[in-house]
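Engineer: task: produce atomic coordinates for the following.
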Amino acid sequence: MRRVTFYSALLLASALFASAPAKAEIRIIQSPGGQVGPFLDLFEKVRASGERVVIDGPCLSACTLVLSIVPGERICVTRRAVLGFHAARSVDRHGRFYAEPEASEAVLEAYPGPVRDWIARRGGLTSRLLLLRGRDLAAIYPRCR
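Structural biologist: Below you'll find the model as predicted:
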């Protein structure tokens, strides 16, 4: 059984994103990730809105799904941007984590080719967190102006 905590929803709704409507952009300033469902819903709305996504801090785990949903030409990164990837996992009702290999494969296939290639060069999605930042990140996504 999967659960969404109030804390996760609060992070998602407030501290996770800062929106600047005048510039028609969504700014990711800090996201530790969380349940996949709320991120999918949010990024579908962002895609439909036409807004640009500025990654301006850590975007970890489920947050990286933005790369699969929002068109790449509408994503840019700042020098503070960090993307964190790991294999999919779920939590049972006792708080124990377990691997979700089929979900990991589906997520990996949904990422853009250059991101998949970067992950593959580092051994693929495992329980270890892979951090994409700096020059490697700027080679895939443009710096925000």
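Engineer: can you pull up the most central residue in the chain?
Structural biologist: Closest residue to the average C-alpha location of the chain: residue 64 at 1.5 Å, with Cα atoms, centre = their mean.
Engineer: skipping its backbone neighbours, what lies nearest that one in space?
Structural biologist: Leaving aside its sequence neighbours, residue 64 sits nearest to residue 83 (Cβ to Cβ, 6 or more residues apart in numbering; 5.3 Å). Where you see a C-beta, it was placed from the backbone N, CA and C, and this is true even at glycine.
Engineer: the one you found in helix, strand or coil?
Structural biologist: Three-state call for residue 83 (DSSP: H, G, I helix; E, B strand; the rest coil): strand.
Engineer: how far away is the residue nearest to the centre of the chain from residue 58?
Structural biologist: If you measure residue 64 against residue 58 using Cβ to Cβ, to the nearest Å, the figure is 10 Å.
Engineer: what's the overlap in contacts for those two?
Structural biologist: Common neighbours of residue 64 and residue 58 (criterion: Cβ atoms under 8 Å, 6 or more residues apart in numbering): residue 84.
Engineer: could you point out the longest helix in the chain?
Structural biologist: helix 36-49 (DSSP state H).
Engineer: give the next helix or strand downstream of it.
Structural biologist: strand 52-55 (DSSP states H and E).
Engineer: what does that following strand contact?
Structural biologist: With Cβ under 8 Å, 6+ apart as the test, strand 52-55 has contacts from 23-28, 46, 66, 70, 74-78, 81, 83, 141, 144.
Engineer: nearest residue to residue 74 other than its sequence neighbours?
Structural biologist: Setting aside the residues directly before and after it, residue 74 is nearest to residue 52 in space (Cβ to Cβ, 6+ apart), at 4.9 Å.
Engineer: list the beta-bridge partners for that neighbour.
Structural biologist: Under the criterion DSSP bridges, residue 52 forms beta bridges with residue 25.
Engineer: can you count the residues close to it?
Structural biologist: As a burial measure, residue 52 scores 19 neighbours (other Cβ atoms under 10 Å).
Engineer: what residue ranges in the chain score low on pLDDT?
Structural biologist: Applying pLDDT under 70 to the chain flags residues 1-23.
Engineer: ranges for the helices of it?
Structural biologist: With helices called from DSSP H, the chain shows them at 6-10, 36-49, 66-69, 101-110, 113-121, 134-138.
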